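Visitor: quick one, structure for this:
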Amino acid sequence: MTTRRALLAGGAALALAGRVRAARPISLRAALDAAAALPHDPGAALALLAGYDLNSLGTSAQLDLDTARAGLAIDRDIVQRFAVDPRAKGPPRNPAHAALLLRRKLGNDVDPRAAATRLEAERRRCAARADALFARLGVAGANTGARFSALWYGPRYAYPNPDAALADMNRWLAVMRPHVPALVGMVPPWCLNVAANPPTTADIAQAHFGYRTLPTPTQPGGYVPDLQRLADRPAFTLPSVVAHELLPGHMVQLPLEAAADPHPLRLDYAPGFAEGWGIYAERRVADAGLYAADPLAELGYLHWRLFRIGRALADLALHLHGLSLAEARARLVTWQGEPAYFAPFDADLARIVQEPMTRAGEMLFALAIEDGARRRTGPALARYHQVLLRDGRMRSDELARRARRV
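Guide: Below is the predicted model:
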């Protein structure tokens, strides 16, 4: 139902757009602001961006404009075809709507069928590697998930208290920090000024855990992990958390993106890129051999990766093929055994239903980044990473274009 308040807000936004058009030429930033003020009329928002030449802009502004145009065009298609708000939560109307939502969150180059095939191939690869490590450790089970469950609650993998878990994370951070230049290239020294931190008294009182403070040139950054249920956080699962949340993951990508100051519309239409970088960072650490002497830590990494692949496959199957929640849950149990700490199976599946194509977009961003990195080493790989990090996030098709030009 359209309320009077919504009509008034829409009228004010259209009036703003009219003033913007009358006042041209205006800055791209102002035009993007005006476009963002028209969330229920993506066609009108798109028209505001028609007169700008990409070639006259800097690289960050190019990304702002290109990303906004691509996302708004898809939103216009969703509104015209399905008469729904593209930002609304809840299940899509049908598979065609779901496919558009995937393009909205990832890029115009995505093919849902090919994406599912690629994800399944990666799941099988990771499961085979995990099963080989389980065999080496003498851990038996009917499938990969059962083997993870057999390992999960072993008392020797339990931390005695949160301080011990935090100290272990910072120990792994000290291992990873000097490898950052080799893993992703040179980054500003202040990006490395990070730590796994304990919660404050206020955090504990408000049950506020699992959050980041990004580093800046003048302030250190950190990650406050949620360590309330230590029994559900076996020690071998935390090294990959360090790679993802700290270095070379979010504490490299997100601060550099903040410095590039992307427009909010770019954040809206490439939402999974940051998580994709974190997943990619986990793999960079594993592939570099930092877990070579610790097969348990590698298993922890593989469990996180199987979790993210599994929820992406579930996202596609639920919304494109009508898979039942019960069958999706059974698949996740078979693939990973135990849920991720913050994503119990039933709660995570309910969230996937309400946020279609979000989880698929995140993992597919990681695979897109990995595709661009393939067969690059040394300076060539470092240059590729700079293209990804220098100006902030981008959609998958733009990522592929820029990768080809490196």
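
Visitor: contacts, neighbours, all on C-alpha from now
Guide: Will do.

Visitor: how does the chain divide into domains?
Guide: Annotated domains of the chain cover 4-88, 112-405 [automatic domain parsing].

Visitor: lowest-confidence stretch among those domains?
Guide: Mean pLDDT is lowest for domain 4-88 among the domains of the chain, at a mean of 83.

Visitor: for Gly90, see how far away Ala167 is.
Guide: 41 Å (CA to CA, to the nearest Å).

Visitor: an error on my part: the question was meant for Ala382.
Guide: Distance from Ala382 to Gly90, by CA to CA: 40 Å.

Visitor: repeat for Val84
Guide: 11 Å.

Visitor: residues shared between the contacts of these two?
Guide: When CA atoms under 8 Å, 6 or more residues apart in numbering defines a contact, no residue borders Val84 and Gly90 alike.

Visitor: so what's the backbone phi/psi at Tyr211?
Guide: phi -130, psi 160 (degrees, to the nearest 10).

Visitor: that one contacts Leu227, correct?
Guide: No - the pair Tyr211 / Leu227 is not scored as a contact, 12.0 Å apart, by CA atoms under 8 Å.

Visitor: looking at the two, which is more packed in?
Guide: Leu227 (20 against 13; other CA atoms under 10 Å).

Visitor: what number of residues lie near the residue nearest to the more buried one when sequence neighbours are not counted?
Guide: Distance criterion CA to CA, 6 or more residues apart in numbering; nearest residue to Leu227, sequence neighbours excluded, is Pro162 at 5.9 Å. Applying other CA under 10 Å, we find 16 residues neighbouring Pro162.

Visitor: in contact with Arg331, which residues?
Guide: Contacts of Arg331 by CA under 8 Å, 6+ apart are Gly310.

Visitor: between the domains of the chain, which gets nearest to Asn94?
Guide: With CA to CA as the criterion, Asn94 lies closest to domain 112-405 of these, at 7.5 Å.

Visitor: distance between the closest one and the chain's centre?
Guide: In terms of CA atoms, centre = their mean, to the nearest Å, the centre of domain 112-405 is set 8 Å apart from its chain centre.

Visitor: now the end-to-end length of it.
Guide: For domain 112-405, the end-to-end distance is 26 Å (CA to CA).

Visitor: including distance to Arg104, could the domains of the chain go into a markdown table?
Guide: What follows is the domains of the chain, written out as a markdown table (distance: least, CA to CA, whole Å):
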| stretch | distance to Arg104 |
| --- | --- |
| domain 4-88 | 6 |
| domain 112-405 | 6 |
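
Visitor: please identify the most buried of those domains.
Guide: Compared across these, domain 112-405 shows the largest average neighbour count, a mean of 19 (mean count of other CA atoms under 10 Å).

Visitor: give me the residue at the spatial middle of this protein.
Guide: Glu275 (1.9 Å; CA atoms, centre = their mean).

Visitor: quick one: contacts for that one?
Guide: 250, 362-363, 365-366.

Visitor: same deal with Val406?
Guide: Applying CA under 8 Å, 6+ apart, the residues near Val406 are 380, 383-384, 387.

Visitor: before we move on, what about Pro339?
Guide: 307, 333, 345.

Visitor: contacting residues for the second one?
Guide: Contacts for Val333 (CA under 8 Å, 6+ apart) come out as 145-146, 339.

Visitor: if we only consider those, which is nearest to Ala202?
Guide: Pro339 (28.4 Å).

Visitor: now do the closest one against Ala288, distance only.
Guide: Separation of Pro339 from Ala288 (CA to CA) stands at 26 Å.

Visitor: look at Thr3 and report its pLDDT.
Guide: Residue-level pLDDT assigned to Thr3 equals 39.

Visitor: if we can go back for a sec, from Phe365, how far out is the residue nearest to the centre of the chain?
Guide: 8 Å.

Visitor: cool, Leu137 as well?
Guide: 32 Å.

Visitor: hang on, the residue nearest to Leu227 packs against Leu230?
Guide: Yes - using CA under 8 Å, Pro162 is in contact with Leu230, at 7.3 Å.

Visitor: and Ala45, what does it touch?
Guide: Contacts of Ala45 by CA under 8 Å, 6+ apart are 34-36, 38-39, 72.

Visitor: hmm, try it at 10 Å
Guide: 13-14, 17, 31-39, 68-69, 72-73, 76 (CA atoms under 10 Å, 6 or more residues apart in numbering).

Visitor: same deal with Arg311?
Guide: Arg311 makes contact with 317, 328-329, 331-332, 343, 345, 348-349, 352, 358-360, 362-363, according to CA under 10 Å, 6+ apart.

Visitor: now it: which helix or strand?
Guide: With elements taken from DSSP states H and E, the one containing Arg311 is helix 295-320.
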